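Peer 1: sequence first, predicted coordinates after that:
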Amino acid sequence: MPLAVVILAAGKGKRMVSDLPKVLHRVGGKPMLAHVIETACCLEAVRCFVVYGHGGEAVKTAFADLPGMDWVEQPEQLGTGHAVGQALPAIPDRDTVLVLYGDVPLIRAETLRPLLESADKGYVGLLTVELANPTGYGRIIRDAAGQVIRIVEEKDTTAEQRLLHEVNTGILAVQAQRLRAWVAALKNHNSQGEYYLTDVIELAVSEGIGVEAFRAYKPEEVLGVNDRLQLAQLERYYQRRQVEALMLNGVTLRDPARVDIRGTVIAGRDVVIDVNVILEGEVRLGDRVTIGPHCVLRDTVVGDDTEILSHCRIEEAQIGRRVRVGPFARLRPGARLADGVRVGNFVEIKQARIGQDSKVNHLTYIGDAEIGADVNVGAGTITCNYDGANKHKTIIEDRVFVGSNVALVAPVKIGEGATLGAGSTITKDVPADSLSLTRAPQKTVADWQRPSKKSS
């Protein structure tokens, strides 16, 4: 059956104590709602409806570049049943409807597929979970034969029902035609005065429609977020899930509790990652890559046998094979390092290509530059690429030797095999195989006395 996913994301989230809509708070570097939308895409949903309310425009703006979303406003928050009802008019009768929640970000597609299969067979597919402490959750009520007959919200439970540990996750799948009729029949005769989606279970049973309940394997997968503490707890679970997947694929993590993954990591064989490393966006690590402690890598590709030493920040860079970077190096967007390059401590590279086996080892800034192969860049060198209005390019050809403390005032080109003397300010092109230097004559004053303070 065609699948329509309805994601409820209208809650204000008062307990977050935030101006940001709750579903935009991040887990693993992405808004919670983004995780849920990705899951819907994995299930190949024909349409995905997001029911929004509080801060709705901010939510829509955050996903403006995501095509194919159906945004449905819930002007008044009158309960989950009312929220689902806002999307149902746009869903054909024969479609399967899967209800998800924007603040339950870590639900997996594998957990949801049995519900969809149940709905396709004409049943209601319901996801439940066993919790050691079920406080705050609606309880699953079963008959003597073990069949689900209804769900009771905690505020409406009896003392005996509160002892039950199987609870409702709120996630269900059912044919749209049936759900439409049941939602229309919902009453708000409860302590909250709301239209509960959970009440459709009792309506289904009254019509002889079977309810197939499936239990989530891991409770953390279906836990929602209502405050900052729960957000932090879910973040830790997410990180544990990510690093376990890496380790099962052969990556060594010196301390899995001190690595954070905020995106996608694709790693080769025998990769080693030290402590307090953050990997953001899409990071690709070749075979035998080593990342030292306290590094941040974002949207970066690292080639085989490359070593990233401690305290490096690398963003939108491409790094070749057998490269050594750091410690304390910064590669900014557009940095491209060829095989065998060495980038040392307190070096910053931005929008620059460094050719094979070249070295930029100490206290240097290279911006908007093309550097050839086998080039040595001395300590304290800078490319003066910005004139206050425009950026200009520096070109350094193969086998150039740049002495320490050289300023290259762009636009400028240094020919192949040239040597630049230490302390020079280069403002004109330098021919190949030449020596270029600019220095004021050294002046020495003999028997010079340093000024001293007069005694009082």
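Peer 2: Arrived safely. Residues are numbered from 1 along each chain as shown.

Peer 1: how many neighbouring residues does Val243 have?
Peer 2: 21 (other C-beta atoms under 10 Å). All C-beta atoms are positioned from the backbone trio N, CA, C, and that covers glycine.

Peer 1: again but with Thr96, I slipped
Peer 2: A count of nearby residues for Thr96, using other C-beta under 10 Å, gives 24.

Peer 1: and what of Arg113?
Peer 2: Arg113 is flanked by 15 other residues according to other C-beta under 10 Å.

Peer 1: for the stretch 151-300 of the chain, which segments count as strands?
Peer 2: Applying DSSP state E, counting those that start in this stretch to the stretch 151-300 of the chain gives strands spanning 166-175, 211-215, 252-253, 259-267, 272-273, 277-285, 290-291, 296-298.

Peer 1: Glu307 contacts Val325, doesn't it?
Peer 2: Yes - using C-beta atoms under 8 Å, Glu307 makes contact with Val325 at a distance of 7.3 Å.

Peer 1: which of the two has more residues huddled nearby?
Peer 2: Each of Glu307 and Val325 has its neighbours counted (other C-beta under 10 Å); Val325 has more, 29 against 16.

Peer 1: now do the contacts for that one.
Peer 2: Counting by C-beta atoms under 8 Å, 6 or more residues apart in numbering, Val325 touches Thr306, Glu307, Ile308, Leu309, Cys312, Ile314, Ile319, Leu331, Leu337, Val343.

Peer 1: could you flag which of those are buried?
Peer 2: Thr306, Glu307, Ile308, Leu309, Cys312, Ile314, Ile319, Leu331, Leu337, Val343 (16 or more other C-beta atoms under 10 Å).

Peer 1: what does the biggest helix by length in the chain rub up against?
Peer 2: Counting by DSSP state H, the longest helix found in the chain is helix 228-248. With contact meaning C-beta under 8 Å, 6+ apart, helix 228-248 is reached by 16-17, 25, 27-28, 105-106, 220, 223-225, 253, 256-257, 259-261, 265, 267.

Peer 1: what of stretch 58-73?
Peer 2: Contacts for stretch 58-73 (C-beta under 8 Å, 6+ apart): 9, 20-21, 23-24, 31, 33-34, 37, 47-53, 56, 86-87, 90.

Peer 1: now the buried members of those residues.
Peer 2: Buried members of the contacts of stretch 58-73, scored by 16+ other C-beta under 10 Å, are 9, 21, 23-24, 31, 33-34, 37, 47-53, 56, 86-87.

Peer 1: re the thing from before, from the buried ones among the contacts of Val325, which is closest to His362?
Peer 2: Closest approach between the buried ones among the contacts of Val325 and His362, by C-beta to C-beta: Val343, at 10.0 Å.

Peer 1: what's the closest one in contact with, if anything?
Peer 2: Going by C-beta under 8 Å, 6+ apart, Val343 touches Val323, Arg324, Val325, Gly326, Ala329, Leu331, Leu337, Ile349, Ile354, Val360, Asn361.

Peer 1: rewinding a little: quick one: buried residues of the longest helix of the chain?
Peer 2: For helix 228-248, by 16+ other C-beta under 10 Å, it's Leu231, Leu234, Glu235, Tyr237, Tyr238, Gln239, Arg241, Gln242, Val243, Leu246.

Peer 1: same list, those residues, but as a markdown table with distance to Gln442 and pLDDT please.
Peer 2: As requested, those are exported to a markdown table (distance: C-beta to C-beta, whole Å; pLDDT from 0 to 100):
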| residue | distance to Gln442 | pLDDT |
| --- | --- | --- |
| Leu231 | 63 | 96 |
| Leu234 | 65 | 96 |
| Glu235 | 60 | 97 |
| Tyr237 | 65 | 96 |
| Tyr238 | 62 | 96 |
| Gln239 | 58 | 97 |
| Arg241 | 64 | 95 |
| Gln242 | 59 | 96 |
| Val243 | 58 | 97 |
| Leu246 | 57 | 97 |
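
Peer 1: export these to a markdown table and tack on distance to Gly403?
Peer 2: Below are the buried residues of helix 228-248 laid out as a markdown table (distance: C-beta to C-beta, whole Å):
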| residue | distance to Gly403 |
| --- | --- |
| Leu231 | 53 |
| Leu234 | 54 |
| Glu235 | 49 |
| Tyr237 | 54 |
| Tyr238 | 50 |
| Gln239 | 46 |
| Arg241 | 51 |
| Gln242 | 46 |
| Val243 | 45 |
| Leu246 | 44 |
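
Peer 1: hmm, back to that, buried among the contacts of helix 228-248? Need that as a selection in ChimeraX.
Peer 2: Paste this into ChimeraX to select the buried members of those, with burial taken from 16+ other C-beta under 10 Å:
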select :16,25,27,28,105,106,223,224,225,253,256,259,260,261,265,267
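
Peer 1: coming back round to it: mind giving me a markdown table with the contacts of Val325 and columns for distance to Arg439?
Peer 2: Formatted as a markdown table, these follow (distance: C-beta to C-beta, whole Å):
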| residue | distance to Arg439 |
| --- | --- |
| Thr306 | 38 |
| Glu307 | 37 |
| Ile308 | 37 |
| Leu309 | 34 |
| Cys312 | 34 |
| Ile314 | 36 |
| Ile319 | 36 |
| Leu331 | 32 |
| Leu337 | 32 |
| Val343 | 28 |
